[in-house]
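**Student:** just a sequence and a predicted model for now, questions to come.
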Amino acid sequence: MTTARKTQIGLLITAVVLFVLLFLAPKKHLSKPETPVDEHAGHAHETEVSIESFLTTAAKALSLKEKTSFDDLVAAAEKSTVDTAYIPVIEFWDRLRRPDFASYYAEKIAERKQTSAAWAKAGDRYFYSVRFVKDANEIPALYQSAMRCYEKALEKDPANTDAKIQLAACYVEGSPDPMKGIGLLREVEKTDSNNVKLQLNFAFFSVKSGQWDRAIRRFEKVLEIDPLYIEAYLHLADAYEQQGQNAKTIEMLEKYAALTTDATARQEILKYIEQLRQKTS
C-alpha cells in the first residue's frame with residue numbers, strides 16, 4: 001500500500017473512531033505476534049517517577065490570573081470533606097487541555113472515595129492522557145500512576161475486569177515487563193473471552209506487530225460479540241488493505257457505510273471506495 005493510501009485510510013479511521021484510536025490503540029511496534037513491545041519500549045523506567053514535579057512546573061508557568069484561580073480551587077478542595085471537591089480543579093486543567101494534570105486530581109477524588117470505580121476512573125484518566133502529552137519525559141510517570149490506580153481498583157474489587165485489562169495495557173505499553181501484561185490479558189480471556197475491550201487490545205497489539213491475520217481474527221471476534229460495534233469494519237478494511245486485498249477492503253468499507261448513521265462519515269467512505277475501485281480497474 002502506498003504512503004498516500006495509508007494516510008487516507010488512517011484519516012478515515014481517525015475521524016470516525018477517534019475514541020478507539022486514542023483510548024485503546026497501543027503506540028509502539030511489536031516484535032512478536034501478539035507480544036506488543038520489547039523490554040525497552042513504551043518509555044519505561046524502572047524507577048518511580050512522580051507526576052507532581054511536572055505539575056509544579058506547569059503551575060509556575062501559569063499566568064497570574066490562572067495561578068490565582070488554580071490555587072484558590074485547590075485550597076477550597078483541600079478544606080472540603082466532600083468526595084468530589086476536586087472536580088473544579090479537574091475542570092480547570094481540562095480547560096487548559098492538560099488531561100495529565102486533571103488526572104492527578106481525579107486520583108485525589110479516588111483517595112477520598114476509596115471505591116474500585118473511582119480508582120479505575122483515575123487510572124483511565126492517566127492512561128488516556130499519555131496520548132496528549134508533549135514532553136516524553138512525563139510518559140513514564142503517567143503509566144506508573146495509571147498502574148498504581150488500576151492496582152488499587154483491583155484491590156477493592158478483584159472482579160473489575162476492565163481495570164485488569166487496562167492494567168495489562170499499561171504493562172504492555174509502558175513497562176519493562178510487557179509479557180506480564182499479556183499474561184493478565186490471557187487470564188481475562190480464560191474467564192471472559194467475549195469481552196470487547198479485551199479483543200480490541202489483542203487486535204491492536206497484532207496490528208502494531210504487523211500480524212494482520214491475527215488482527216483480522218480479533219476484529220472479527222469483536223463483531224461476533226457485538227455486531228453493533230461497526231467501527232471494527234474500518235479496522236478490518238485497514239488490515240485487508242495492508243495485505244493488498246482490495247476486494248475485501250471495499251467489502252468491509254461498504255458494510256460500514258451501510259450501517260453508520262453518520263452521513264459525513266458515509267460520504268467519505270463511499271468516496272474512498274470509489275478511489276479504490278479506480279485504482280484497481
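**Tutor:** That came through, no problem.

**Student:** residue 133 - nearest residue in space that isn't next to it in sequence?
**Tutor:** Taking Cβ to Cβ, 6 or more residues apart in numbering as the measure, residue 133 lies nearest to residue 100, with 5.4 Å between them; neighbours along the chain are not counted. The C-beta positions use only the backbone N, C-alpha and C, and glycine is treated the same way.

**Student:** pLDDT value on the one you found, please?
**Tutor:** Looking at residue 100, its pLDDT reads 96.

**Student:** hmm, residue 54 and it touching each other?
**Tutor:** Yes. Because the distance of 7.2 Å satisfies Cβ atoms under 8 Å, residue 100 is recorded as touching residue 54.

**Student:** now the common contact residues for those two.
**Tutor:** With Cβ atoms under 8 Å, 6 or more residues apart in numbering applied, the overlap between the contact sets of residue 100 and residue 54 consists of residue 138.

**Student:** which parts of the protein belong to which domain?
**Tutor:** With automatic domain parsing serving as the domain definition, the record reports that the chain contains domains spanning 1-39+194-281, 48-176.

**Student:** worst mean pLDDT among those?
**Tutor:** Of all the domains of the chain, domain 1-39+194-281 carries the lowest average pLDDT, namely a mean of 76.

**Student:** before we move on, the earlier item: compare residue 100 and residue 54 (neighbour count), which wins?
**Tutor:** The neighbour count for residue 100 versus residue 54, taken as other Cβ atoms under 10 Å, is higher for residue 100 (26 against 20).

**Student:** from residue 138, how far out is that one?
**Tutor:** Applying Cβ to Cβ, to the nearest Å, the value for residue 100 to residue 138 is 6 Å.

**Student:** and for residue 247?
**Tutor:** 45 Å.

**Student:** between these two, who's got more neighbours?
**Tutor:** Just comparing residue 247 and residue 138: by other Cβ under 10 Å the higher neighbour count belongs to residue 138, 21 against 11.

**Student:** now the more buried one, what's its secondary structure?
**Tutor:** Using DSSP: H, G, I helix; E, B strand; the rest coil, the structure places residue 138 in helix.

**Student:** how about the contacts made by it?
**Tutor:** Shown here is residue 138, whose contacts under the criterion Cβ under 8 Å, 6+ apart are 51, 54, 100.

**Student:** what is the nearest of those residues to residue 131?
**Tutor:** For the contacts of residue 138, the closest approach to residue 131 (Cβ to Cβ) belongs to residue 100, at 10.2 Å.

**Student:** ramachandran angles for the closest one?
**Tutor:** According to degrees, to the nearest 10, the main-chain angles of residue 100 amount to phi -60, psi -40.

**Student:** contacting residues for it?
**Tutor:** Applying Cβ under 8 Å, 6+ apart to residue 100 gives the contacts 51, 54, 93, 126, 129, 132, 133, 138, 142.

**Student:** could I have whatever helix or strand the fourth one lives in exported to CSV, CA atoms only?
**Tutor:** This points to residue 126. Residue 126 is part of helix 116-129, with elements assigned from DSSP states H and E. In CSV, the C-alpha atoms belonging to helix 116-129 read as follows (Å, rounded to 0.1, in the frame of the first residue of the first chain):
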residue,chain,number,x,y,z
SER,A,116,-12.9,0.4,42.7
ALA,A,117,-14.8,2.5,40.2
ALA,A,118,-13.1,5.7,41.3
TRP,A,119,-9.6,4.2,41.2
ALA,A,120,-10.3,2.8,37.8
LYS,A,121,-11.6,6.2,36.5
ALA,A,122,-8.4,7.9,37.8
GLY,A,123,-6.4,5.2,36.1
ASP,A,124,-8.2,5.7,32.8
ARG,A,125,-7.5,9.4,33.1
TYR,A,126,-3.8,8.8,33.4
PHE,A,127,-3.7,6.2,30.7
TYR,A,128,-5.6,8.2,28.1
SER,A,129,-3.6,11.4,28.8
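
**Student:** now do that helix: everything it contacts.
**Tutor:** Counting by Cβ under 8 Å, 6+ apart, helix 116-129 makes contact with 22-23, 51, 99-100, 102-103, 106-107, 109-110, 142-143, 145-150, 152-154, 156-157, 160, 162-163, 166-167, 169-170, all of which sit outside it.

**Student:** of all the residues in that helix, which ones are buried?
**Tutor:** Buried residues in helix 116-129, counted by 16 or more other Cβ atoms under 10 Å: 116, 118-129.
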